[in-house]
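**Student:** no sequence on this one, just coordinates:
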């Protein structure tokens, strides 16, 4: 049987090692790319840069996102020959691949929805898992190319089913990544080294492939650094597709964890208001990270204060007076598992009498804050700025102090 002529678009972190494996199997490979360094690297492997895949038997799409598949897929198809096979490896919506398959059928081009599970190292080792949706005839036509970098190749149903199985996998994977990170944090909170605890747990009943991957990379933080954007992208696709289909992710959804964190930040801010108004300064101090920056108004002599100066200033100024602080309708954005930012509509009332003279004001504006989830699992304020949009002088109502 004649070796297939293969084309690939998307010669990136996943596509480049695929190209390398196919060239290692002595397959004739062409590619489409724009960046000079990518063209140079692929050409050095013996592949040829082209503008279309009209002479290719197999064409692989291995780009980053659903939007990119929708953008390039029709153009690639428009210049493919009848009888060729188009294979999509990009994680995307089942609807996207179903629509692309319909376009392919109209041009007498076979189509495979070949979602992948694994990373660049798995491709280089020839052990990438493919979850294939499509006709068996199309799979057999493409098998020689796919087998050069994939094992196992798992038929899972019709076009779209490869993506569906992949999305279930990604939902479970994302949930497991979050759980391993929480386990590492819990271990630190209990006073033991988080990574050492995970190393022991891999020999226990809670072992998992995700846990071993985290350990291979060094820590949950390192995994977030290296793979976090891919995990977040895939989980976002899962959530969007589930919403489109009206299917609940249940305990696999990241939302329960996110909502719990958002609620914890709301509780943190509620304690902030209560402690400052009841002058519970010992409890107030526990609400902030050790390195918190308290940004001051522009007219202040310094742009911000560290905790010690800020606590001392508040205690001296506010203890003899009366304050009420209200925060409303927060906009809280979780930036990662351990970082967040928030904006609170605020209203405050302050009557104090420092040595510089009476202050009796009522203000409206916003708090701008950042938050950090610390090793003990508690969210704390890591920076804070209060910007009033309106400040009214109000009549003094407090009784004169007793002589």
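**Tutor:** Nice, thanks for sending it over. In this text, all values refer to a predicted model and were calculated from it rather than measured experimentally. Numbers count the residues shown, from 1 in each chain.

**Student:** can you give me the strands for the stretch 151-300 of the chain?
**Tutor:** 288-295 (DSSP state E, counting those that start in this stretch).

**Student:** pLDDT weak spots in it?
**Tutor:** Across the stretch 151-300 of the chain, the ranges flagged by pLDDT under 70 are 254-257, 298-299.

**Student:** now the helices for it?
**Tutor:** For the stretch 151-300 of the chain, the helices identified by DSSP state H, counting those that start in this stretch occupy 161-189, 194-201, 209-217, 220-245, 255-278, 281-285, in order along the chain.

**Student:** what residues of the third one count as buried?
**Tutor:** To tie it back to what came earlier, the one meant is helix 209-217. Neighbour counts over helix 209-217 (16 or more other C-beta atoms under 10 Å) mark 210, 211, 213, 214, 215 as buried. (Glycine included, C-beta is placed from N, CA and C.)

**Student:** save the residues you listed as a markdown table, and put in distance to residue 370 too.
**Tutor:** Compiled in a markdown table, these are given as follows (distance: C-beta to C-beta, whole Å):
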| residue | distance to residue 370 |
| --- | --- |
| 210 | 29 |
| 211 | 30 |
| 213 | 30 |
| 214 | 26 |
| 215 | 30 |
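
**Student:** of the residues you listed, closest to residue 75?
**Tutor:** Sorting those by distance to residue 75 puts residue 213 at the head of the list, at 36.0 Å, by C-beta to C-beta.

**Student:** gap between that closest one and residue 61?
**Tutor:** When distance is defined by C-beta to C-beta, to the nearest Å, residue 213 is 26 Å away from residue 61.

**Student:** try residue 167
**Tutor:** With C-beta to C-beta as the criterion, residue 167 and residue 61 are 17 Å apart.

**Student:** with residue 378 instead?
**Tutor:** When distance is defined by C-beta to C-beta, residue 378 is 45 Å away from residue 61.

**Student:** contact partners for residue 361?
**Tutor:** Residues counted as contacts of residue 361 (C-beta atoms under 8 Å, 6 or more residues apart in numbering) are 349, 350, 391, 392, 393, 394.

**Student:** mind giving me the domain ranges of this protein?
**Tutor:** In the domain annotation for the chain, the residue ranges read 5-157, 164-250, 258-393 (automatic domain parsing).

**Student:** so which bits of stretch 3-21 are buried?
**Tutor:** Within stretch 3-21, the residues that count as buried by 16+ other C-beta under 10 Å are 4-11, 14-21.

**Student:** how distant is it from the center of its chain?
**Tutor:** Going by C-alpha atoms, centre = their mean, to the nearest Å, the spacing between the C-alpha centre of stretch 3-21 and its chain's C-alpha centre is 27 Å.

**Student:** now the end-to-end length of that stretch.
**Tutor:** By C-alpha to C-alpha, to the nearest Å, the extent of stretch 3-21 from end to end equals 14 Å.

**Student:** thinking again about what came up before, most widely separated two among the buried residues of stretch 3-21?
**Tutor:** 5 and 14 (20.8 Å).

**Student:** name the stretch among the domains of the chain that sits most buried.
**Tutor:** Taking mean count of other C-beta atoms under 10 Å as the contact definition, the stretch among the domains of the chain with the greatest mean neighbour count is domain 5-157, which reaches a mean of 19.

**Student:** distance from the chain centre to it, please.
**Tutor:** Domain 5-157 sits 26 Å away from the centroid of its parent chain (C-alpha atoms, centre = their mean).

**Student:** and that domain, how far apart are its ends?
**Tutor:** Taking C-alpha to C-alpha, domain 5-157 runs 26 Å from one end to the other.

**Student:** and residue 39, which of the helices of the stretch 151-300 of the chain is closest to it?
**Tutor:** Short answer: helix 220-245, nearest of the helices of the stretch 151-300 of the chain by C-beta to C-beta, at 24.0 Å.

**Student:** that closest one: how far from the chain's middle?
**Tutor:** How far helix 220-245 lies from its chain's middle: 5 Å, per C-alpha atoms, centre = their mean.

**Student:** tell me which other helices or strands that helix touches.
**Tutor:** The elements that helix 220-245 packs onto, with contact taken as 3 or more C-beta pairs under 8 Å, 6 or more residues apart in numbering; DSSP states H and E, are helix 94-106, helix 161-189, helix 209-217.

**Student:** could I get these as CSV with distance to residue 306?
**Tutor:** Putting the helices and strands packed on helix 220-245 into CSV (distance: least, C-beta to C-beta, whole Å) gives the following:
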stretch, distance to residue 306
helix 94-106, 51
helix 161-189, 24
helix 209-217, 34
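
**Student:** quick one: closest of those helices to residue 294.
**Tutor:** When the helices and strands packed on helix 220-245 are compared (using C-beta to C-beta), the closest one is helix 161-189, at 26.0 Å.

**Student:** next, the angle helix 220-245 makes with the closest one.
**Tutor:** 140 degrees (axes from the mean of the first three to the mean of the last three C-alpha atoms, to 10 degrees).

**Student:** how near is the residue nearest the centre of the chain to residue 220?
**Tutor:** Centre of the chain computed as the mean C-alpha position; nearest residue by C-alpha atoms, centre = their mean is residue 232, 3.0 Å away. From residue 232 across to residue 220, the span is 14 Å (C-beta to C-beta).

**Student:** from residue 308, how far off is residue 296?
**Tutor:** When distances are taken as C-beta to C-beta, residue 296 and residue 308 turn out to be 15 Å apart.

**Student:** again, but for residue 377
**Tutor:** When C-beta to C-beta is the yardstick, residue 377 and residue 308 sit 25 Å from each other.

**Student:** rewinding a little: show me the two of the buried residues of helix 209-217 that sit farthest apart.
**Tutor:** So for those, where distance means C-beta to C-beta, the most widely separated pair is 210 and 215, at 9.8 Å.

**Student:** residues touching the nearest residue to residue 336 once chain neighbours are set aside, list them.
**Tutor:** The spatial neighbour of residue 336 that comes closest, neighbours along the chain excluded (C-beta to C-beta, 6 or more residues apart in numbering), is residue 224 at 6.8 Å. With C-beta under 8 Å, 6+ apart as the criterion, the residues that contact residue 224 are 181, 336, 337.

**Student:** kindly report the same for residue 4.
**Tutor:** Contacts of residue 4 were listed using C-beta under 8 Å, 6+ apart, and they are 27, 28, 57, 58, 141, 142, 144, 145.

**Student:** fine by me, thanks again.
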